[in-house]
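Novice: I'd like to go over a predicted model; first the sequence, then the structure.
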Amino acid sequence: MTLNWFKFASPASFYPIAGRLIPVFWILTLLLLAIGLYWGFFETASKLGGSNPQKEYYRIIFIHVPSAWMSMWLYIVLVGWAAIGLVFNTRLSFMMANAVAPTGAIFTFLALWTGAFWGRPSWGTYWDWDPRLTSELVLFFLYIGYIALHSAIDDTRRADRASALLAIVGLIMVPVIFWSINCPDPNQCAALHQRSNLTRIDGNILFSMLTMTLAFWMYGFAATFMRLRSIILTREAENTWVQELLNARRQA
Amino acid sequence: MSEFLSQGGYGFFVWGAYGMVAVLLVAEVLQLRAQRRTIWSRLGRLTRMRDTGGTE
């Protein structure tokens, strides 16, 4: 049996699919948020670490790490769709890239914000030009640049292509952020940000952190698909299937 | 309850971080819903204008 993947790649056929998936992602988001938040606040110790432990403020980890992961993951997704759009010239791919960008920018901002509120009690400062913090800030500007460039060009097809190129060039920031904490010799580079160590972390903390990551991921799907449907409607307004949907709504 | 809210004296930092997450995510969803309503009403207006020959 041959499955025609390009059938699902048309905006008209993905629009109803996204519409059916959105409630599922909302239910998963709320369920995972409830579990992750309950576990994070009530089933974890009030201290983290050994001789000089972090106090209750370490609980910011349950939103900070998921936001930071989502900020990088959504950028990879954005670039993936942008690249597919450039290669195959498929309309839906560019719309996907467009739909992901604002949610990615929000998660990047949240990673910086929650990091600042964690940094003040643990490092004594809201901000430092540490490699990890600085590269995450550059990622935030890349998202903003992508959105701004797209909205600055009136011709949608040209806007899609130009902003896709910008996004692809910016992909270099993701590995930079990822390895920005692995300073080979602490005497030579003054990195403030902790290294991540998932194997040494307490099981309850890890469980809440991963649950919250899944919750943010499901939220990302829900928000992105909502935005995607609006983008599809706007761009396909002249097509008959949108007119038919509109007539059905007016009669309902 | 107040013990939970104080988070060992670090309530400002914990709730400052969690608060911003809640505000931005809720705001995004509200904006998306408003955007959707705006698009539908604009589409409806455009169609009515076409039906009535552009005079509305």
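Specialist: Perfect, thanks for sending it.
Novice: Now do the same contact list for A:Ala223.
Specialist: A:Ala223 is in contact with A:103, B:28-29, B:32, counting by Cβ atoms under 8 Å, 6 or more residues apart in numbering or on different chains. The C-beta positions use only the backbone N, C-alpha and C, and glycine is treated the same way.
Novice: Over to A:Arg227?
Specialist: A:98-99, A:102-103, B:32, B:35.
Novice: quick one: which of those residues is nearest A:Phe117?
Specialist: Nearest to A:Phe117 among these is A:Thr103, at 21.1 Å by Cβ to Cβ.
Novice: dump the residue contacts of that closest one.
Specialist: Listed by Cβ under 8 Å, 6+ apart, the contact partners of A:Thr103 are A:74, A:220, A:223-224, A:227, B:28.
Novice: what sits against residue 12?
Specialist: Looking at chain A here, since you left the chain open. Going by Cβ under 8 Å, 6+ apart, A:Ala12 touches A:236, A:239, A:241.
Novice: which one is the last one nearest to, not counting chain neighbours?
Specialist: It stands for A:Trp241. Nearest residue to A:Trp241, sequence neighbours excluded (Cβ to Cβ, 6 or more residues apart in numbering or on different chains): A:Ala12, at 4.8 Å.
Novice: Low-confidence regions, chain A specifically.
Specialist: For chain A, the stretches flagged by pLDDT under 70 are A:1-8, A:50, A:182-190.
Novice: 80 instead?
Specialist: Per-residue confidence for chain A (pLDDT under 80) gives these ranges: A:1-9, A:49-52, A:181-192, A:194-200, A:252.
Novice: How about the residues of it by chain B?
Specialist: A:41, A:46, A:55-57, A:59-60, A:63-64, A:67, A:102-103, A:106, A:109-110, A:113-114, A:117-118, A:120-121, A:219, A:223, A:226-227, A:229-230, A:233-234, A:237, A:242-243, A:246, A:249-250 (Cβ under 8 Å from any Cβ of the partner chain).
Novice: where along the chain do the helices fall?
Specialist: I went with chain A, as the question did not name one. A:5-8, A:11-42, A:61-88, A:91-123, A:131-152, A:156-170, A:173-179, A:203-235, A:240-251 (DSSP state H).
Novice: Let me rephrase: I mean chain B.
Specialist: Along chain B, the stretches classed as helices by DSSP H are B:2-6, B:11-51.
Novice: Could you say which of the ones you listed is packed most deeply?
Specialist: Highest mean neighbour count among the helices of chain B (mean count of other Cβ atoms under 10 Å in any protein chain shown): helix B:11-51, with a mean of 15.
Novice: Against chain B, how distant is A:Ser88?
Specialist: Residue A:88: Phe, not Ser. According to Cβ to the nearest Cβ, to the nearest Å, A:Phe88 stands 27 Å off from chain B.
Novice: no, scratch that, I was asking about A:Phe141
Specialist: For A:Phe141, the distance to chain B equals 18 Å [Cβ to the nearest Cβ].
Novice: Name the residue closest to the centre of chain B, please.
Specialist: B:Leu30 (2.0 Å; Cα atoms, centre = their mean).
Novice: quick one on the thing from earlier: looking at the helices of chain A, which is closest to B:Phe13?
Specialist: Across the helices of chain A, closest to B:Phe13 is helix A:91-123 (Cβ to Cβ), at 4.8 Å.
Novice: could you check the angle helix A:203-235 makes with that closest one?
Specialist: Relative orientation of helix A:91-123 versus helix A:203-235 (axes from the mean of the first three to the mean of the last three Cα atoms, to 10 degrees): 140 degrees.
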